[in-house]
Structure formats: structure tokens, C-alpha cells
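Build me a model from this:
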Amino acid sequence: MLKSLRKYWNLHRLSILIILASVIFYFVFAYQLERQDFPKLLGLYLALFFFCFKLIQFEKWNFKLLLVAGILFRVVFLWSEPNLSQDFYRFLWDGHLWILGGNPYLNTPDELMAMGGMQIPNASVLHEGMGALSSRNYSNYPPLNQLFFALAALWGGKSIMGTVIASRLILIFADIGIFYFGKKLLLFLNRSPHLIFWYFLNPLCVIELTGNLHYEGLMLFFFIWALYMLAVNRWVPAALLLGASISIKLIPLLFLPLFLKNLGWLKSLAFYSLVFLLAGISLMPFYTAEFFPNYTATLRLWFSNFEFNASLYNLAKTIGYQFDIRSWELIRVYGKITPLITALTVFLLSFLRKRTLGVLLENMLIAISIFYFMSPTVHPWYIIFPLAISLFTNYRFPILWSALVMLSYSAYMHPQVKESMLMLSIEYIIVFGFLCYELFRHKSYKSLFQKN
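Take a look at the predicted model:
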């Protein structure tokens, strides 16, 4: 036994040291970092990204070691409070509210606090922690997401940290599920299965999902599972899983028209029916006459009132200044145009390209990338979706984007959030430059318009 351990150490010594160094860096990130300390944040993150790259480079066929490393990195965060986002306070609020029989789409936290807080555990702390923007609006998290908020609150009890730990365990198991089905899907597509580690070891995924409790990981788990089911011609469970993914986060709705060409008209009709059936069932515990007006009002805010880490929107805003167009006027008009252009792109991709699973995945990457390139709000954890999809295609620019997106946190160096156009310019010039390189390398841009 000792001889085997010594041999393993000799073979993998450098990788083990990198894993140990990563654990230390993640510990500092989780327990000794404040969001305002941007130089420290960026230094830690870039070092972790470098460690991720070297681990994949050295051990890409040692799946057991890398799987254990990815789980270990996530466990480091288990007892920490999220330090880059305050969204988790709203997650806990919504979860406890539903357990008590409330409806997060019917009353805002401000309204409930005015009525006494409905005996929500730690109501004052959660209300203050989520911030004024969240507390004065209805929940924007879809119904099935609310179920997992409630499960975390149920398992965690009345303790904030207990509920945070329960949420983390849910998201860690979701990431393990992504690893499992992502690897199987890569093998089905005849791609190297080690590519899944660009998700599983990526510090963006570890920090923003496990660390900051964003539920994109749970959405991706159902989504990747659905894609694998579709790949092996089990379209009924694929439809139900896709419906679950949509009911965690709405983003997969964007891709529904893309399935039409792959499934055909008749099968697509049944497929879409099952997707919406699952989504409808998840909505039933929350449905009231006020649901759709309240929910859509909240969603509109995210399209037309907020801006963060934008690329093309900032360019449009700069041009608008030359014509004396005010920022608040521009974002309202721009927020209406972005969904239309995205919808047109998805429509064209649905009918102009070949009918294969590989092309379907590529279409998804194109659609989500255009959506985020145009969006006025691109939080760092949003990049995790295109990052995951890109692993099943020939495009790698989202991996580079996942390394650079942390530059956007420079906005929090100031007491009042103030974005640095220099940092955003560095981020997007490099990302767009590498995207152009990938499009023109081997003239791969021609594949975007190949028909049957």
C-alpha cells in the first residue's frame, strides 16, 4: 500500500501540489476576500484559472484525480457565506416563504415586511441582505427553482448557514451530474471526454455556482441530461428534462425552435407539448390571476432597466452620447430590440443549417452568444451556459471569456458601483478577437451557412 502511494506521488507529484495550492487559494477566496478588494480577487482568480489549465494539461486522462479535485474545491466553500453576490438572501427568503404557505409572485418582501414578515426565519437579516432592488420586486425565479429553494430551506432549518450549506450540496450534486452526462455526451459526439473538465474545474463554475449559490448549475444539469437523452433517441424524457431546465431558469426557452428541424414537425409538436406540460405542472402550486402580470413585470426590469458588463450595448451607448440620447432612454429601446434580434437569429438558425446533433449544439452556442453580446446585463455567472455548450462544439472562445469575465468585478471597487470601461474593453476586445480567429481559422465560418 505504502509503495503504491509512493509510486503515485512520484508520478503525479506536481499535479497534487497544484491541487493543494488551489485548495489554499479557494480557501482564501471563500473566507478572506471582500468583493471591494478587486486586485486580490483578480489575482486569486487568475492564479486559479492557471492551475485549472495546468491540471487539465497534465492529467487530462486521469479522471479520478480530477473528479476528486473538482469536488474538493467545491467542499472548501461549504461553510462560507457567499461574498460576491447577495442574491442568496432572496433564495432563502423565497424558500422559507413557500414553506410557510406564501407565494413569492404575489407579494414583494417589502410588502411582507410591512405585514410582519410572515414569521420567516431571520426575516430582517434576509430582507436587508437582499437589497432594495430585490426587496421591492416580485421574485423573478421560475417555479421549479422555488421548489429547490424550499428544499434547501427545509433541510437547513431556521439557520442561514444551514440553508446555505443545503443549497451548496444541491449544486455540488448537480455539477457531478453535469460531469457524468457531459462526459457521456462528449463520447457520443466522438469528442475527447476530458473537455468536461473545462467546466468541472473551471474556477468560474466553482466560485459562482458553489461559492455564490447561483442555480445555473442546476439548470445545466437538467439541460445536459436532456441533450444526452435526445442523443440516444429518448426524446420523451428529453422533453421532460428540458421542461425542468426551463422551470429552473428561462434561458433554454431560447433554444426551443432549434429542435424543430432535428425532430420534424409531428415529433416536435409532441416534444413541445411535454416541455410545456412539465413547466405547467411546476407552475401549479404558485398560479394565481396575478402571477403572469407580476412575473412579466419583474422580467421586463431585467431587459430594460439594468446594465452591467455589457459589450455591444456600451458601444451603442457611446454612439448615443454623440446624439444626446440619454442612457435611460437608450436602455428601454435597446431592451426591446435585443429579444427581437435574438429571436430572428434563432429563427434563421432553425431552418438554414444541417440537421445533426453537432449542428444543433453549435446553433445553441451561436444563439446564446449573440444574446449575451447584445444584452445590457451580463453577470459573470451568465457565461457558464455558453461555456458548457461550447465544450460540445469546435469553439473555445467561451473558455477564454470565463477567464476574463471577472474583470467586470472591478465595478465594485467603488462605494457606488461604477464600471471601468478600460476593464470591459480589455475583456471584450480579447473575446471578440479570439472569436474572429476561430471563425476564420480553417474558414470555419462557412459552416454557419451550410444547408441540408
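
Tell me how many other residues crowd the closest residue to residue 29 other than its chain neighbours.
For residue 29, ignoring the flanking residues on the chain, the nearest one in space by Cβ to Cβ, 6 or more residues apart in numbering is residue 44 at 5.1 Å. C-beta here means a position set from N, CA and C on the backbone, and glycine is covered the same way. Each residue near residue 44 was counted by other Cβ atoms under 10 Å, and the total is 20.

Am I right that residue 44 is in contact with residue 24?
No. If you go by Cβ atoms under 8 Å, residue 44 and residue 24 don't touch, sitting 10.0 Å apart.

counting contacts, what elements does the helix or strand bottoming out on mean pLDDT in the chain pack onto?
Each helix and strand of the chain was given a mean pLDDT (mean pLDDT, DSSP states H and E); the minimum falls on helix 327-352 at a mean of 76. If contacts are counted by 3 or more Cβ pairs under 8 Å, 6 or more residues apart in numbering; DSSP states H and E, helix 327-352 sits against helix 259-263, helix 291-304, helix 312-322, helix 357-374.

where are the low-confidence patches of the stretch 301-450 of the chain?
The model of the stretch 301-450 of the chain has pLDDT under 70 over residues 302-305, 321-332, 335, 353-354, 442-450.

80 instead?
301-306, 316-339, 351-355, 442-450 (pLDDT under 80).

what's near enough to touch residue 98?
Residue 98 makes contact with 104, 146, 147, 149, 150, 153, 285, according to Cβ atoms under 8 Å, 6 or more residues apart in numbering.

Kindly report the same for residue 398.
Here residue 398 is in contact with 365, 369, 383, 386, 387, 389, 390 (Cβ under 8 Å, 6+ apart).

Look up which helix or strand it falls in, please.
helix 397-404 (DSSP states H and E).

just checking, next helix/strand downstream of that helix?
Next element after helix 397-404 (DSSP H and E): helix 421-440.

can you pull the buried residues of that next one?
423, 424, 427, 428, 430, 431, 434, 435, 438, 439 (16 or more other Cβ atoms under 10 Å).

same check, this time on stretch 171-190
Quick answer for stretch 171-190 (16+ other Cβ under 10 Å): 171-172, 174-186, 189.

what's next to it, contact-wise?
So stretch 171-190 is contacted by 63, 67, 70-71, 74-75, 192-193, 195-196, 199-200, 205, 209-210, 213, 215, 217-218, 220-221, 224-225, 227-228, 231-232, 357-358, 361, 388, 391-392 (Cβ under 8 Å, 6+ apart).

how close does the residue nearest to residue 29 sit to residue 386?
Separation of residue 44 from residue 386 (Cβ to Cβ, to the nearest Å): 24 Å.

Spell out the residue ranges of the helices in the stretch 51-200 of the chain.
Counting by DSSP state H, counting those that start in this stretch, the stretch 51-200 of the chain has helices at residues 63-76, 87-99, 109-114, 123-135, 143-156, 160-188, 197-200.

by how many degrees do the longest one and helix 357-374 diverge?
Same thing as helix 160-188. Interaxial angle of helix 160-188 relative to helix 357-374 (axes from the mean of the first three to the mean of the last three Cα atoms, to 10 degrees): 140 degrees.

filter the contacts of residue 98 to the buried ones?
104, 146, 147, 149, 150, 153.

Can you give me the neighbour number for the spatially closest residue to residue 22 that is not a sequence neighbour?
Of all residues not flanking residue 22 in the chain, residue 51 sits nearest, at 4.7 Å (Cβ to Cβ, 6+ apart). A count of neighbours around residue 51, defined by other Cβ under 10 Å, yields 22.

Would you mind confirming that residue 51 is in contact with residue 18?
Yes. If you go by Cβ under 8 Å, residue 51 and residue 18 touch, sitting 5.1 Å apart.

Find the centremost residue of this protein, please.
When Cα atoms, centre = their mean is applied to the chain, the residue found nearest the centroid is residue 216 (3.7 Å).

how near is that one to residue 137?
Distance from residue 216 to residue 137, by Cβ to Cβ: 20 Å.

again, but for residue 282
Distance of residue 282 to residue 137, given as Cβ to Cβ: 21 Å.

now swap in residue 72 and tell me
Distance from residue 72 to residue 137, by Cβ to Cβ: 38 Å.

Please say which of the two ends up with more neighbours.
residue 137 (17 against 14).

what sits against that one?
Residue 137 sits in contact with 108, 298, 301, where contact means Cβ under 8 Å, 6+ apart.

try it again with 10 Å
90, 108, 109, 110, 294, 297, 298, 301, 302 (Cβ atoms under 10 Å, 6 or more residues apart in numbering).

okay, the residues you listed in TSV with neighbour count next?
Below are the contacts of residue 137 laid out as TSV (neighbours: other Cβ atoms under 10 Å):
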residue	neighbour count
90	24
108	18
109	28
110	13
294	21
297	12
298	17
301	14
302	14
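
Report the two members of these separated by the largest distance.
Farthest pair in the contacts of residue 137 (Cβ to Cβ) is 110 and 302. Separation: 18.5 Å.

pLDDT below threshold where in the stretch 101-250 of the chain?
For the stretch 101-250 of the chain (pLDDT under 80), the answer is 116-118.

Surely residue 114 and residue 108 touch.
Yes. In this structure, residue 114 is within contact of residue 108 by Cβ atoms under 10 Å, at 9.5 Å.

Which residue ranges make up the domains of the protein?
Domains of the chain are assigned by automatic domain parsing as 1-76, 306-452.

So which of these is nearest residue 166?
With Cβ to Cβ as the yardstick, what comes closest out of the domains of the chain is domain 1-76 (14.2 Å).

Need the distance between the two termini of that closest one.
This stretch, domain 1-76, spans 28 Å end to end (Cα to Cα, to the nearest Å).

next one: that domain to chain centre, how far?
Centroid separation for domain 1-76 versus its chain: 22 Å, with Cα atoms, centre = their mean, to the nearest Å.
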